[in-house]
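Colleague: Test case, fold it:
(4 chains)
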Protein chains: 2
Amino acid sequence: MRWEETSNQVCSVARATSIFGDRWTLIILRQLFLGMRKFSDIQQALGITKHRLADRLGRLTDENIVFKYLYDERYKRYEYRLTEKGVDLYAVILTIGQWGDKWASDNDGPPVEYVHTECKQVAKPKLVCGCCGDDLTPHNLKVRMGPGLKKKHARDELSDQDIKLYSIIASDI
Amino acid sequence: MRWEETSNQVCSVARATSIFGDRWTLIILRQLFLGMRKFSDIQQALGITKHRLADRLGRLTDENIVFKYLYDERYKRYEYRLTEKGVDLYAVILTIGQWGDKWASDNDGPPVEYVHTECKQVAKPKLVCGCCGDDLTPHNLKVRMGPGLKKKHARDELSDQDIKLYSIIASDI
DNA sequence: TATATTGAGTTGCATTTTGGAACCTGTCAA
DNA sequence: TTGACAGGTTCCAAAATGCAACTCAATATA
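Modeller: Now for the predicted structure:
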């Protein structure tokens, strides 16, 4: 399967990774979340080539995840800022960072900490159920078909791959 | 910067994405979370080439995120299962999936749903502070240097890039 | 015994995507 | 007039990926 086709898959993870599942996009976004907004700052901080950075920021702009903001009228300089769609990726960055802290760090501890301004503590982000507030783990979650899959199945729009992809859901995990 | 060098950066997001920040790894992992464990099943379901799948599963095995389990003595057949390190990526997959549901889906609604077995509701995962339980957003979190960064700074082990990378943290966001 | 099948890969080669360096453009400042 | 700087492009080599064909071990079937 080619990369462009990934964005058509009936899977939110596949569609999302078709946007930011490459070598640079997520760390560019992390940089934006840290408050770094200028092309050259990001380029130097990450050691990415201008070429690639221009390409990635262009895609993110096309996807409406970032937008260009004119911050200097005289010099006609632009900076890149996160849209609402982009800001919503904060949870993804935080979750990945936390996994990295736990499983991919050295003995010096986490490079950065996030202080929760409400409780003044270092935030240990955790995922909970939006309904009852209990922790979510692979053990207390059960996957089932959602409306997107059911409707496409009813309309007979699933490809062989999609069927195979989700046939497993019907069975026990 | 080359890809292998990313894994040495003083940033948990960069280190994590150096492991799964490519076109396939995350959706392979999603497939494993759905319960699909056999090489050929994954290969057909995802439309990935055997070549690439063998390579990706090999890396994941090297990283101790999955391990090979002999499920058929007679035929000497192996399947791939998640280790604890792998299972911990569930939060990442869930968070990405949720972003995808919201921002990258069509009008049919989410393809899959996760039912929380404790409260029997469809789980809407959300990220909260581990200390106080309040929601985490970019607006109530403040980034600051963590021990990893401070120690390396004290030992003068930060590269120019690392310094640039985090100089922004000292300033206001 | 000879042939086919299945799962799980390799190998070889063409196509895409990246990385690196040099070059271009518009705007000011000395 | 020259230089610097931000923000790119262009060109080419190197690396990653996609595709098809081949291997190999352990049965099954004829």
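
Colleague: OK, contacts around A:Lys151?
Modeller: A:Lys151 makes contacts with B:Asp108, B:Gly109, as judged by CB atoms under 8 Å, 6 or more residues apart in numbering or on different chains. Glycine gets a C-beta too; all of them are placed from N, C-alpha and C.

Colleague: That one and B:His139, how far apart?
Modeller: Going from A:Lys151 to B:His139 by CB to CB, to the nearest Å gives 36 Å.

Colleague: confidence score at the closest residue to A:Cys132 other than its chain neighbours?
Modeller: Take A:Cys132 and drop its neighbours on the chain: the residue closest to it by CB to CB, 6 or more residues apart in numbering or on different chains is B:Cys119, 3.8 Å away. You'll see B:Cys119 listed with a pLDDT of 94.

Colleague: what about B:Cys119, how many residues close to it?
Modeller: Number of residues near B:Cys119 (other CB atoms under 10 Å in any protein chain shown) recorded here: 15.

Colleague: Contact residues of chain A facing DNA strand D?
Modeller: When proximity is defined as CB under 7 Å from any atom of the strand, chain A approaches DNA strand D at A:1-3, A:38-41, A:50-51, A:54, A:57, A:75, A:77-79.

Colleague: quick one: the strands in chain A?
Modeller: Using DSSP state E, the strands of chain A run over residues A:66-72, A:77-82, A:112-116, A:125-129, A:141-145.

Colleague: Make JSON lines from those and add mean pLDDT to it.
Modeller: Output for these, formatted as JSON lines (pLDDT from 0 to 100):
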{"stretch": "strand A:66-72", "mean pLDDT": "90"}
{"stretch": "strand A:77-82", "mean pLDDT": "92"}
{"stretch": "strand A:112-116", "mean pLDDT": "95"}
{"stretch": "strand A:125-129", "mean pLDDT": "96"}
{"stretch": "strand A:141-145", "mean pLDDT": "91"}
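
Colleague: Go through those strands and name the closest to B:Leu127.
Modeller: Closest to B:Leu127 of the strands of chain A, according to CB to CB: strand A:125-129, at 5.0 Å.

Colleague: Who are the contact partners of A:Leu46?
Modeller: A:Leu46 makes contacts with A:Trp24, A:Ile27, A:Ile28, A:Gln31, A:Leu53, B:Met1, B:Gln161, B:Leu165, as judged by CB under 8 Å, 6+ apart.
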